[in-house]
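model this:
(4 chains)
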There are 2 protein chains.
Amino acid sequence: MAIPRLLVVDDDKDMCAMMVGWLQRNGFSVAGVHDSAGIAEQMAQGRVDLILLDVMLGDENGLRLCQTLRAEHDVPIIMVSALSADDQRMAGYRAGADDYVAKPFNPDLLVARVRAVLSRAHRAASLAYRRRARKCEFAGWQFDPRAARLRAPDGFDVALSAREHQLLQVLLANPEIPLTREEIACAMDVDGGATADPAEGRAIDVLIGRLRSKIEDNPKDPALIRTARGVGYVLACRVEFLS
Amino acid sequence: MAIPRLLVVDDDKDMCAMMVGWLQRNGFSVAGVHDSAGIAEQMAQGRVDLILLDVMLGDENGLRLCQTLRAEHDVPIIMVSALSADDQRMAGYRAGADDYVAKPFNPDLLVARVRAVLSRAHRAASLAYRRRARKCEFAGWQFDPRAARLRAPDGFDVALSAREHQLLQVLLANPEIPLTREEIACAMDVDGGATADPAEGRAIDVLIGRLRSKIEDNPKDPALIRTARGVGYVLACRVEFLS
DNA sequence: CCCGATCTGTTACAAGTTGTTACAAAACCC
DNA sequence: GGGTTTTGTAACAACTTGTAACAGATCGGG
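The predicted structure follows:
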């Protein structure tokens, strides 16, 4: 991976300099600014991989700034705040933040979170664009991703958990093409939600099994989600997308 | 799989040479060119498995070139760019790129990404081949490759493992033609998944034996899968493909 | 606020698959 | 007939996948 270029936004110049120094010593290329004008200047100069944004900017509202950034740039944002109330955190997420770090924070934690967000943003790139949130049919099933509804051929609705839903979307976006576990995990994580790296360990396998138990006539002899030994899994049917 | 043939396109001759050298040392067959004329020349000369395309070409727009390549060739493209803003990245994907690597990059990452894209392209390419797979009959047997179902002349279904299934498909695609073990192994390796190179060692022989034990009346005196001593094996019957 | 239900990743074990190994058998050649 | 080469195959090891059970986290209702 390229050396990540971070942008620290904090009106407290001492805090800003401290964060910039710590992150630089941990292998990042870091610039520090203190207001939205500084952000605009840095974004115009070149690539920014991640923004660390203080909520309590002097004359400005960090949450509003987060929203503006989110509207104009698709760059990961970590909110940094002295407040750690859950409603603040949720407000940050609603404003479009990818993660949240509460002051005072363990500097090692900051680095870990930065790396995690960078990794997630980076890994999602390859497959995410191929996902399509449109209604579709496959093997007699009807799937509406926006309504989170899956209807069996017999007309009954089948309830899927969030992760099962994500998995099905990934499989439907790549019908008849064997996908590795890593590809599945990357595509699923585009929206976040994994508590750990699911490409490691057996999480994808277990999730495949859970989804099979809901949509296969015989989960022990699956016809829809087949195993591609040594590769991963494949949705072994055609998918018809509806307008 | 054959040695992958890559094409590096970068107007910066030093960067181009550096990437070509690194990729060659990592087991790829690599050519480097500097403009669209060079691309056309290389594509005319023979097979290209993947193109690494710099976005910032001197007189030309890499994104536009990507679009043109996508329209004319079904070859995977990895965009390589000094810019990593996500809108650039999305533009690359919209232009038809399969992946995106930001300069400066970790050379090991580049190799990993190239391998991942090649693998996925290989698996996707096999889709068309699989879709052409049709039901067929041979010597009273009925084989449905899509449903992975083999029915014996007595009407009973015979369960085949994934590798047995692949082997049978290869034999059925080449009836009455003696195939070497290497030819069989290459043809079987459509989706990857082999744990080692089956053309070496006795894996094909053992697999032939396992398949024989399932479909021959007398595996010790095989009538369907005959041995062509010094060559390999041949499916010694006619195959009738069904619509 | 607590508790039950649900979700999801991990763990551990089982089952199945597949390539390798080693030896035997068959085929070929001189 | 003997030696060499090629093929057959039983047994084994390594690997991959399936999955039940569990633990921790989350969420919603009382």
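
which residues in chain A form helices?
Secondary structure of chain A by DSSP state H: the helices cover A:13-25, A:36-45, A:62-72, A:86-94, A:107-123, A:125-128, A:162-173, A:181-188, A:203-215.

lowest average confidence across those helices, which one?
Lowest mean pLDDT within the helices of chain A: helix A:125-128, a mean of 42.

got the domain ranges for chain A?
Listed domain ranges for chain A are A:5-123, A:136-241 (source: automatic domain parsing).

columns mean neighbour count and distance to DNA strand D on top of those, output as CSV?
C-beta here means a position set from N, CA and C on the backbone, and glycine is covered the same way. CSV is the format used below for the domains of chain A (neighbours: other C-beta atoms under 10 Å in any protein chain shown; distance: least, C-beta to the nearest atom of the strand, whole Å):
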stretch, mean neighbour count, distance to DNA strand D
domain A:5-123, 17, 9
domain A:136-241, 17, 4
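
B:Cys186 is nearest to which of these?
Among the domains of chain A, domain A:136-241 comes nearest to B:Cys186, with 16.2 Å by C-beta to C-beta.

got the helices of chain A as TSV, with distance to DNA strand C columns?
TSV is the format used below for the helices of chain A (distance: least, C-beta to the nearest atom of the strand, whole Å):
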stretch	distance to DNA strand C
helix A:13-25	27
helix A:36-45	33
helix A:62-72	24
helix A:86-94	11
helix A:107-123	13
helix A:125-128	17
helix A:162-173	4
helix A:181-188	8
helix A:203-215	4
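
how near is the residue in chain A positioned nearest to chain B to A:Val8?
Per C-beta to the nearest C-beta, A:Gly230 is where chain A lies closest to chain B, at 2.9 Å. Distance of A:Gly230 to A:Val8, computed by C-beta to C-beta, to the nearest Å: 45 Å.

same deal with A:Gly155?
55 Å.

gap between A:Arg5 and A:Ile51?
Counting by C-beta to C-beta - A:Arg5 and A:Ile51 are separated by 10 Å.

I should have written A:Arg64 there, sorry.
Remark: distance between A:Arg64 and A:Ile51 (C-beta to C-beta) = 14 Å.

same deal with A:Gln45?
Counting by C-beta to C-beta, the gap from A:Gln45 to A:Ile51 is 14 Å.

how about A:Asp189?
As for A:Asp189, its distance to A:Ile51 is 20 Å (criterion: C-beta to C-beta).

so which of the helices of chain A gets nearest B:Pro145?
That would be, of the helices of chain A and by C-beta to C-beta, helix A:162-173, which comes in at 20.4 Å.

now do the closest one and helix A:203-215, the angle between them.
On the basis of axes from the mean of the first three to the mean of the last three C-alpha atoms, to 10 degrees, helix A:162-173 is oriented at 80 degrees to helix A:203-215.

is helix A:162-173 up against chain B anywhere?
No. On the criterion C-beta under 8 Å from any C-beta of the partner chain, helix A:162-173 is out of touch with chain B, staying 12.4 Å away.
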